[in-house]
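# how would this look folded up:
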Amino acid sequence: PNYCRIVNSTSKDIPKEYLDKAIVISEDPDAGCGKVREAAKVLMLQYIKDNPNVIDNLIDETIDYVNIITTTEGASGSGASVILAKYISQSIEVPVNIILITGFESDTRGLQNTINYFKDLNGADYTIRIVSNKKYLENSVTTFAAEEKANHEVASVLAMVQGKDIVSSDHNIDNTDHYRIITTPGLMFTGEVNLSNKKYKNVDQSNKD
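From the prediction side, this is the model:
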């Protein structure tokens with residue numbers, strides 16, 4: 001938690017226990033951006049200009065890379081994250097991973113925001129990992145259930161990016177190689193196979209998984 005911050009244009013969406021870890025980029029904490037990405041971009045840019053040391057102090061020399069987790073269909077995260085990623089990457093010169101949560105693609109404005117987000121990423125020097133809410137809707141009763149499954153995928157991606165479950169051995173990559181992989185710009189794919197409850201009779205079965 002000490003390394004996490006919530007960035008939003010309104011404090012209304014932030015649980016009280018996280019308010020002290022939040023960065024509210026609007027002077028009116030009740031305003032929000034109403035799905036207007038450009039408004040969030042302007043607010044984030046102005047916040048950085050008005051508070052030049054806040055982001056820099058958070059990302060000191062001990063930080064190797066930054067994960068930005070955001071949705072594409074809204075406004076605050078969708079717009080602000082683009083400006084924040086660019087600032088961290090170019091001004092602070094720390095690699096950025098963006099975990100991008102796409103929505104249900106059910107409303108025109110949200111879908112347009114998603115399209116514009118990907119346009120903003122064209123040529124960007126980040127690692128991008130995409131998580132789809134819509135993918136989980138097929139096997140979920142409600143949108144809330146689908147979002148929860150997508151959140152679990154985000155947590156899984158974060159664990160892999162951080163190398164939390166890597167067991168040291170002659171066959172596993174070292175920290176330097178792992179860092180190089182997760183900070184190489186482009187589209188990132190991650191996969192996970194749970195071996196805990198499986199009994200393998202031969203090497204071919206495990207290799208197949």
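
# what does the least confident helix or strand in the chain by mean pLDDT contact?
Ranking every helix and strand in the chain by mean pLDDT, DSSP states H and E puts helix 203-208 at the bottom, with a mean of 88. The contact list for helix 203-208 (Cβ atoms under 8 Å, 6 or more residues apart in numbering) reads 195, 200. Using the backbone N, CA and C atoms, a C-beta is placed for each residue, glycine as well.

# need the longest helix for the protein.
Across the chain, the helix with the greatest residue count (assigned by DSSP state H) is helix 143-161.

# mind listing what's buried in that one?
In terms of neighbour count (16 or more other Cβ atoms under 10 Å), helix 143-161 has its buried residues at 146-147, 150, 153-154, 157-158, 160-161.

# can you list these in a markdown table and add distance to Ser76?
As requested, these are arranged in a markdown table below (distance: Cβ to Cβ, whole Å):
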| residue | distance to Ser76 |
| --- | --- |
| Ala146 | 21 |
| Glu147 | 17 |
| Ala150 | 18 |
| Glu153 | 22 |
| Val154 | 17 |
| Val157 | 21 |
| Leu158 | 21 |
| Met160 | 27 |
| Val161 | 23 |
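
# where does pLDDT dip in this structure?
Along the chain, the parts satisfying pLDDT under 70 run over 29-32.

# any chance you could map the helices in it?
Under the criterion DSSP H, the chain contains helices at 37-50, 54-58, 76-86, 108-120, 133-137, 143-161, 175-182, 203-208.

# check contacts around Ile23.
Ile23 makes contact with 5-8, 47, 54, according to Cβ under 8 Å, 6+ apart.

# please apply the same query to Ala22.
Counting by Cβ under 8 Å, 6+ apart, Ala22 makes contact with 5-8, 11, 14.

# quick check: bridge partners of it?
Ala22 has the following beta-bridge partners by DSSP bridges: Ile6.

# then Asn67?
Here Asn67 shows beta-bridge partners Asn97, assigned using DSSP bridges.

# thinking again about what came up before, from the contacts of Ile23, which two are the most distant?
For these, the maximum inter-member distance is 14.4 Å, found between Asn8 and Val54 (Cβ to Cβ).

# the more surrounded of the two?
More crowded of Asn8 and Val54, by other Cβ atoms under 10 Å: Asn8, with 22 against 12.
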